[in-house]
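> Pasted the sequence and its predicted model underneath.
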Amino acid sequence: MLISEELTLRLYSTVETFIKNTDQVVIAFSGGVDSSILAKICKDVGKQVYLVTIGFPNSHDLLFSKSISNLLALQSNHMTFEITQNDMLNDIKYVQDNLSCNNLSHVENCIAFYQISRFIRNNRLSDFFLTANGFDELFCGYDRYRSFYQEGEAAINKYMEEKLANEAHMMKEISEVISELGINSYQPFLSESFIKYSKNISLNYKIRSSDDLLRKHILRDIALKIGVPKESALHPKKAIQYGSNIHKFIVKNKDILS
């Protein structure tokens, strides 16, 4: 069996483990390759899929996700929430009061997940949602992987372990922040079994050179094969804090974090 076929089966079985006892699934959706793969899998296994996207008006994620949900034929169940300045100011205060962490990326992600969770609760969609976190860590999605390429496989793997540990810590923080809303977030691709499997996939399927601006090649190939639109499958990475313009707002108003 080809590695791409084996990974495809593993992707489907991993997701199904998390959603086997529910008919309805809510997904934090940006329209990028990661969340689109997750959405397509959930749709393919017969679940009713709801997509939730948050962002400031005219932000990348709001605009891009609408076009991709349409191409996935999921536009009727795609819900968007436009962030306002007041939302941000209130949520920054809440997160700071409940998070003993000064890591800017962690704070920004906690704010984004809190806003997604509140939207899901207010619209009574579910008591949990799925995210595609894990792909960037395991398949060299972050741009910094390029800087480690010339140092060899050991350096890349060391960085991967650091990113996985950071992601696990951040997801724990997010869980604590959103717990008061009665909402849980689950990450199938950060499950122990999927991490173990993915680490054994050759780096050649993930990153090809220090000039590799796309990366995550095997995932992008699988995305195309299972019917994810090429506009999504070949789209460069854009993290939620950037695609939603949350990072831009915080940097512009950096005094509010002091």
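Nice, thanks for sending it over.
> now the lowest-mean-pLDDT helix or strand in the chain: how far from the chain's centre is it?
Ranked by mean pLDDT, DSSP states H and E, the helix or strand of the chain with the weakest confidence is helix 240-243, at a mean of 84. Distance of helix 240-243 from its chain centroid, counting by CA atoms, centre = their mean, to the nearest Å, is 10 Å.
> cool, and stretch 132-152?
When distances are taken as CA atoms, centre = their mean, stretch 132-152 is centred 15 Å away from the chain's centroid.
> Mind giving me the packing neighbours of the following helix or strand past the least confident helix or strand of the chain?
For helix 240-243, the succeeding helix or strand toward the C-terminus, using DSSP states H and E, is helix 246-252. Contacts defined by 3 or more CB pairs under 8 Å, 6 or more residues apart in numbering; DSSP states H and E place helix 246-252 against helix 85-98, helix 104-122, helix 240-243. Heads up, the C-betas are built off the backbone N, CA and C, glycines and all.
> If you count neighbours, what's buried in helix 246-252?
Under the neighbour-count criterion of 16 or more other CB atoms under 10 Å, helix 246-252 has 246-247, 249-250 buried.
> Mind picking the two most distant members of those residues?
Using CB to CB, those span at most 7.3 Å, a distance reached by His247 and Phe249.
> Give me the common contacts of those two.
Listed as contacting both His247 and Phe249 by CB atoms under 8 Å, 6 or more residues apart in numbering is no residue at all.
> Mind telling me what element Ser185 is part of?
In this structure, Ser185 sits in strand 184-186 according to DSSP H and E.
> helices or strands up against that strand?
Judged by 3+ CB pairs under 8 Å, 6+ apart, strand 184-186 is in contact with strand 128-130, helix 153-178.
> helices and strands around the least confident helix or strand of the chain, which ones?
Contact partners of helix 240-243 among helices and strands, from 3+ CB pairs under 8 Å, 6+ apart: helix 60-71, helix 104-122, helix 246-252.
> Can you pull out the residues in contact with it?
So helix 240-243 is contacted by 28, 30, 32, 55, 59-61, 64, 105, 108-109, 112, 246-248 (CB under 8 Å, 6+ apart).
> Who wins on neighbours among those residues?
When neighbours are counted by other CB atoms under 10 Å, Ser30 leads the contacts of helix 240-243 with 29 neighbours.
> Spit out the contact partners of it.
By CB under 8 Å, 6+ apart, the contact set of Ser30 is 53, 61, 64-65, 238, 240, 243.
> residues contacting the residue nearest to it when sequence neighbours are not counted?
Leaving aside its chain neighbours, Ser30 sits nearest to Asp61 (4.8 Å; criterion: CB to CB, 6 or more residues apart in numbering). With contact set as CB under 8 Å, 6+ apart, Asp61 has these partners: 30-31, 53-55, 238, 240, 243-244.
> Whichever of these end up buried, select them in ChimeraX.
Remark: buried members of the contacts of Asp61, expressed as a ChimeraX selection using 16+ other CB under 10 Å:
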select :30,31,53,54,55,240,243,244
